[in-house]
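[1] sharing a sequence plus its predicted fold:
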Amino acid sequence: MIAPSMALMLAVGIFPLVFSLGISFIRWEPKVPGRPFVGLANFKDILTSLEYWKAMWTTTIIVVSGVTIEFFFGLGLALLMVGHVRGKRYFLALLILPVMMVPVVVGYTWRMLWHPAFGPINQVLGWFAGHRVTISWLTRPKTAFVALIVTEFWQWTPFMFLVLLAGLSSVNPELGEAASIDGASKWQTFWKITIPVISPVVMVVILIRTIEALKIFDIVYVVTHGGPGLATQTIAYYLYKTGARFFRMSHTAAGSWVFLIILAVIITLAVRQFQKE
């Protein structure tokens, strides 16, 4: 009875994984006939590729800065909305819309918003500045980073908010009342009671969001195309470009496995720390 499900798992999940490992040991490129066996040469090329590690560093910056900002803003919104708040259900319904949107749609929407001549962002900044603002957000490395992080922040902060709100709603209010009777301030109650109680929720939501952010591709592909130059090229975009544009399939497979190993180590360490806590 479980044979159809097992066959589907093998076909969809396990076979591509094994196949990619197999082609990482050969040279699969249009200019190389016969697909010869090269052993660990592809992995050596990846480990010595400055572009690969630059893409890894770019991904790390986006993940660390983006997830950190999303967490603190999400936690702040959750603290404001926990308990009985007037109009809460309407606010929740409105806030969940960005999470439900397809990332490609989000990317094209924000690409229009960041447009230097016709984008509303420059127009609003011009109202405050008192003159016309024509910042080319997507053609400068620093502003392109800002554009990516803000776009990610807009889409994924509601996810942080909803999960953290669920965690805060599960805290027993009697704990806070007992702490206030004992003379604890609101800050002490929050730091000594609320945070320890919701710490499992915090660890899980940060872990899930970090894993998702490490795979960032859609927003980069639509908004910046990895540019200007290689400034915003993430590891997922680098692997796509290498495989789908340059047809270096074995190089792409080796790079994917190196990234998978690094990601597996990070997840394992995070889960062990979570279990220890």
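    Great, that's in hand.
[2] from here on, just use CA atoms for contacts and neighbour counts.
    Fine.
[3] for the protein, longest helix please?
    When the chain is parsed with DSSP state H, its longest helix is helix 50-81.
[4] tell me the first helix or strand C-terminal of it.
    Remark: after helix 50-81, the chain's next helix or strand is helix 88-95, criterion DSSP states H and E.
[5] could you pull up the mean pLDDT of the following helix or strand past that following helix?
    Once the chain leaves helix 88-95, the next helix or strand it forms, by DSSP H and E, is helix 97-100. Averaging the model's pLDDT scores along helix 97-100 yields 88.
[6] and helix 97-100, which residues are buried?
    With burial defined by 16 or more other CA atoms under 10 Å, the residues of helix 97-100 counted as buried are P98.
[7] tell me what the helix or strand following it is packed against?
    Elements were assigned by DSSP H and E; along the chain past helix 97-100, the next helix or strand is helix 103-113. Secondary-structure packing of helix 103-113 (3 or more CA pairs under 8 Å, 6 or more residues apart in numbering; DSSP states H and E): helix 141-169, helix 218-219.
[8] now find how far off-centre the longest one is within its chain.
    Just to be clear, that refers to helix 141-169. Centre-to-centre, helix 141-169 and its host chain are 9 Å apart (CA atoms, centre = their mean, to the nearest Å).
[9] which residues sit against the helix or strand that comes right after it?
    Downstream of helix 141-169, the next assigned helix or strand under DSSP H and E is helix 173-181. Contact with helix 173-181 is made by K186, T189, I193, as judged by CA atoms under 8 Å, 6 or more residues apart in numbering.
[10] now stretch 194-212
    In contact with stretch 194-212 (CA under 8 Å, 6+ apart) are residues V63, V67, F71, M160, V163, L164, G167, L168, V171, I267, A270, F274.
[11] what residues are up against the third one?
    So the one you mean is F71. If you count contacts by CA under 8 Å, 6+ apart, F71 has them with T157, M160, F161, I206.
[12] what is the nearest of those to M56?
    I206 (19.4 Å; CA to CA).
[13] please name the residues that touch V258.
    Taking CA under 8 Å, 6+ apart, one finds F43 in contact with V258.
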